[in-house]
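[1] Provide a 3D model corresponding to the input given below.
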Amino acid sequence: MLIETNIEALQYSRGKYRTIVETMEDAYYEVDLSGKLVFANNGLSRLLGYSLEEIIGKSNRFFMTQRAIVIVFSAFSEVYRTGEPKRNQDWEHIHKDGRLINVEGSVQLTRDADGVPIGFRGILRDVTARRKIELELRESEMRFRSLTNLSSDWYWEQDTQFRYTRMESRHQNLDSTQASFLGKRPWESDLEIQADGGWAGHRAILAANLPFRDVVMHRLLVNEKPYYISVSGAPIFDENGEAIGYRGVSREITDQRIAEQRIRHLATHDSLTDLPNRMMFSQMLAAALALGQRCNHQFAVLFLDLDRFKFINDSLGHEAGDKLLQEIAVRLKAAIGSGDTIARMGGDEFVVLVREVGEIEQVSNVARRLLAAAAESFVLVDQECNVTASIGIAMYPMHGADEQTLMKHADIAMYLAKDQGKNDFKFYAHEIVASSHERLALESNLRHALAQKEFSVYYQPKLDLRSGKINGVEALLRWENQTLGRIPPDEFIPIAEEIGLIVPIGKWVLQTACAQNVAWQRQGFEPLCMAVNLSVRQFSDENLLRDIAAVLAETGMDPTLLELEITEGMVIHNPDRVLLLLLAIKEMGVRLAMDDFGTGYSSLGQLNNFPLDTLKVDRSFINDIPANAGAMAITQATIAMGKALKLTVVAEGVETAAQADFLRQHGCDEMQGHHFSTALSPEAVTLLLQHYLPNTHSMQHSFALLPD
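    Below you'll find the model as predicted:
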């Protein structure tokens, strides 16, 4: 009875076991020691695509790849040797239709009732789909890393608390960057953010699980260099739609940002002096106007123009002129208050905004400091140079309530300062508007004077102090306008220089003077030396040699009768270029004279380096003879040294007989001035040449009979 009961229990246990095995989703197998399948469930049938009848009795090798055979044999051998089961063992099966199946299986040793090994059993699970996904993930990760290695961008991930959990890049400083950021939130790092609302605004975006693009963050590196990055990110959601963090990319934009800042700086600053430019000053002035209107503040606009800058620029060259402007900008900036602004308007023009003015004297003090700063000496091209400034001042609201009016009135006041002697400042006043209008009218008419034939050339005779003969004349430009009348040369010639008309006007003077000289010779008069002044602009003109040659050819003038007068400033700067130019002029046969000697910076020793023929002593020394012993000594020494250099010495501005006698006694060669004759029209010179006799009485008598 007990045996029957045990048999029934065993059968029941086996049935229960079979039921469990058959209902398993996974495949179950049993093999003998040779690997022949002795039992399998329907799960194995479904896995391999064979019926159980086709499976049972077959070697398990029949359903495996060669690689799997090796792996399974090794696993079975290890289990047999150790008696320990193996789990999660991967191998491959071949489906009935020929495709490969990835399985994850277990192997366990089976024994008989006596404990003797009789085979193996285990469970197989189809992991083909899972392995495919894992492979794709690995490949995706490899592609991601490859792209990361190729890209200069950073890839990052954050957890639900927005702490960095991952940072990948090909950068060499990957480890240090990871150490600085992993485990931290962005705002817990040393980064600053450029975004609306700062970090608080950015945190609100993250809290709302919103994506963001191109957010700029920056910091200073150890070497104090700026470092900018552009960051973009998007939230990560799980399969239930719950946010589980952020991921995104960042890229360095330091060079781009610095370039943008440079472009913005260049748009608002002068490239030469780095001062604010006209556009930026306009914005500052608009802000000052708004504040002044709102708070009833008074402020000042100072318009500053350098005196003699064009002379230095033309004489020393543009490079020296640029250096002067850079140095003057530094000085002027240091001369104003910390809350005030100076800008360069262009050329040699600057403008200053004094933002808060309590008393007018405060603005006057600023102007005086600016004048003092500009007047300090400069050393350019190894030469000591000096400039001064003229300043015009307009006050808000006294002299204007808008930008255009203030700037215009400051400009008008500046021209008044320049016209009244330079190196000074003037406040705008309604009375100076008329003076400004006069200058504008003068400039406007001057532009048309040459075309309308309003210019004429007068000639001042030069007298030989030994023989009493008229040796030559100096051509002097005159202008008479139908509306403005006769305008003195010292009024219109500086304007012609300033607006660039002096070159065509100077060429016309040269043409007219040479033609007149030839005309006098054709009338039978003895040849005269014709002296013609060259302006600084003419001397710097690249067409000067061509123009001289063309005039000589057109008029038929003997080159040896032409004498071109230059000033000291033209020869002492850039001497190499000047020497070549003077030698080229001398090769034409033309004479060269140094005009107004003694008023500049050169010395007689320097003159020996240039091919000069004539030295003209400036009238400022002659005027003080014989009252001033110093002037007499300087004039005497100049004559003596000029003669030693074999130069013809001419005295200008001789007004009295005493002056003429002094010059004659000390060996001066020639003189010109009102003592003998003023500048005369061509017709008057013709009369003078017809009636003049070279002796004292006839000289004075002839002068008295001549028309003015």
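[2] hey, let's count contacts and neighbours off CA atoms from now on
    OK.
[3] Please identify the next secondary structure element, helix or strand, after the helix or strand encompassing P494.
    Per DSSP states H and E: P494 is located in helix 489-498. Sequence-wise, the next helix or strand downstream of helix 489-498 (DSSP H and E) is helix 502-522.
[4] model confidence over that next one, on average?
    Averaged across helix 502-522, pLDDT comes to 95.
[5] what residues does the helix or strand that comes right after that helix touch?
    Downstream of helix 502-522, the next assigned helix or strand under DSSP H and E is strand 529-533. The contact list for strand 529-533 (Cα atoms under 8 Å, 6 or more residues apart in numbering) reads 471-476, 509-510, 513-514, 517, 560-566.
[6] Quick one, which of the residues you listed are buried?
    471-476, 509-510, 513-514, 517, 561-566 (16 or more other Cα atoms under 10 Å).
[7] Report the buried residues of the helix holding P494.
    F492, I493, I495, A496, E497.
[8] swap in stretch 86-106?
    86, 90-95, 100-106.
[9] cool, and stretch 440-456?
    L442, E443, N445, L446, A449, L450, E454, F455, S456.
[10] want to throw these into JSON lines with pLDDT, distance to A657 and secondary structure?
    Below are the buried residues of stretch 440-456 laid out as JSON lines (pLDDT from 0 to 100; distance: Cα to Cα, whole Å; DSSP: H, G, I helix; E, B strand; the rest coil):
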{"residue": "L442", "pLDDT": "83", "distance to A657": "38", "secondary structure": "helix"}
{"residue": "E443", "pLDDT": "85", "distance to A657": "40", "secondary structure": "helix"}
{"residue": "N445", "pLDDT": "90", "distance to A657": "40", "secondary structure": "helix"}
{"residue": "L446", "pLDDT": "90", "distance to A657": "38", "secondary structure": "helix"}
{"residue": "A449", "pLDDT": "90", "distance to A657": "38", "secondary structure": "helix"}
{"residue": "L450", "pLDDT": "90", "distance to A657": "38", "secondary structure": "coil"}
{"residue": "E454", "pLDDT": "93", "distance to A657": "36", "secondary structure": "coil"}
{"residue": "F455", "pLDDT": "95", "distance to A657": "33", "secondary structure": "strand"}
{"residue": "S456", "pLDDT": "95", "distance to A657": "30", "secondary structure": "strand"}
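[11] what about the chain, any weak spots by pLDDT?
    Judged by pLDDT under 70, the chain has its weakly predicted residues at 1-23, 138-152, 170-175, 430-437, 572-574, 598-606, 695-708.
[12] circling back to that earlier point, let me know the closest of the buried residues of helix 489-498 to E25.
    E497 (105.7 Å; Cα to Cα).
[13] about what we covered before: go ahead and name everything in contact with the helix holding P494.
    Residues from elsewhere that reach helix 489-498 (Cα under 8 Å, 6+ apart): L442, E443, L446, L477, R478, W479, I502, R537.
[14] let's go with 6 Å and repeat that
    With Cα atoms under 6 Å, 6 or more residues apart in numbering as the test, helix 489-498 has contacts from I502.
[15] That one to helix 502-522, inter-axis angle?
    Going by axes from the mean of the first three to the mean of the last three Cα atoms, to 10 degrees, helix 489-498 is angled at 120 degrees with respect to helix 502-522.
[16] what kind of secondary structure is N471 in?
    The three-state label given to N471 by DSSP: H, G, I helix; E, B strand; the rest coil is strand.
[17] list the contacts for it?
    Taking Cα under 6 Å, 6+ apart, one finds K462, L463, L528 in contact with N471.
[18] Repeat the analysis, applying 7 Å as the threshold.
    Contacts for N471 (Cα atoms under 7 Å, 6 or more residues apart in numbering) come out as K462, L463, D464, L528, C529.
[19] Most neighbours among those residues, please name it.
    Most neighbours among these, by other Cα atoms under 10 Å: K462, with 27 neighbours.
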